[in-house]
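*Asks:* dropping the sequence and predicted coords here.
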Amino acid sequence: MNPESEHTDEYYYNVLKDGLNEFKRKGSNSTKYRCPFCWNNDYHYLSDVRKHAARIVGDTRETETERAKHSALIRYIDSLDTDQDKSSAVIGQDKSSGDELFVWPWIVILANNVEKFDPKRSKYVRKNDNEIKEELLLKGFKPLKVTVLGDNKGQTPFAIVEFG
């Protein structure tokens, strides 16, 4: 950007900071946002407004003024995010009890259960529960339970493995 647009960028940033342009849509219970400089689209999240502004800033066909406005909007949204991060960090410290959350038992969804041709049955078959469990044991894992998922046509290529 040229030096003139930097001054314009600073001007529009101050306008946003002073609250002269609102980007939250008016309405008592509205949760939608709009670009304060375009007002043509509704966005559900601030991150979507930021993406819109980044697209405008990166578009060389836009005027320098439009690019400066949207550059200021990006700076303003980033400053809001850092303020919210600081406040949520303080709130998070008050609420935390020091307990670590985790899932027990550990569960994995195993995909791509390979089909092999079984000449005895003359059809393709997938590995069963015991074959998958043995293969995992040979690789150093300790599965407690293996459940091969099926549908109305037989087995699917997925299995649920529980570890202990």
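*Replies:* Great, that's in hand. Numbers count the residues shown, from 1 in each chain.

*Asks:* mean confidence score for stretch 66-83?
*Replies:* Per-residue pLDDT values across stretch 66-83 average out to 83.

*Asks:* and that stretch, what's buried?
*Replies:* 67-77 (16 or more other CB atoms under 10 Å). For the C-beta atoms, the positions are set from N, CA and C on the backbone; glycine is no exception.

*Asks:* ok, the residues you listed vs residue 37, which is closest?
*Replies:* Looking at these and their distance to residue 37, the nearest is residue 69, at 4.5 Å (CB to CB).

*Asks:* helix or strand for that closest one, which one?
*Replies:* Per DSSP states H and E, residue 69 falls inside helix 64-95.

*Asks:* state the next helix or strand along the chain beyond that helix.
*Replies:* strand 106-110.

*Asks:* list the helices and strands that next one packs on?
*Replies:* Based on contacts counted as 3 or more CB pairs under 8 Å, 6 or more residues apart in numbering; DSSP states H and E, the elements that strand 106-110 packs against are strand 154-163.

*Asks:* buried sites along the strand it packs on?
*Replies:* By 16+ other CB under 10 Å, the buried positions in strand 154-163 come out as 155, 158-159, 161.

*Asks:* spatially central residue in the protein, please.
*Replies:* Closest residue to the average C-alpha location of the chain: residue 47 at 11.0 Å, with CA atoms, centre = their mean.

*Asks:* report pLDDT for residue 160.
*Replies:* According to the predicted model, the pLDDT of residue 160 comes to 92.
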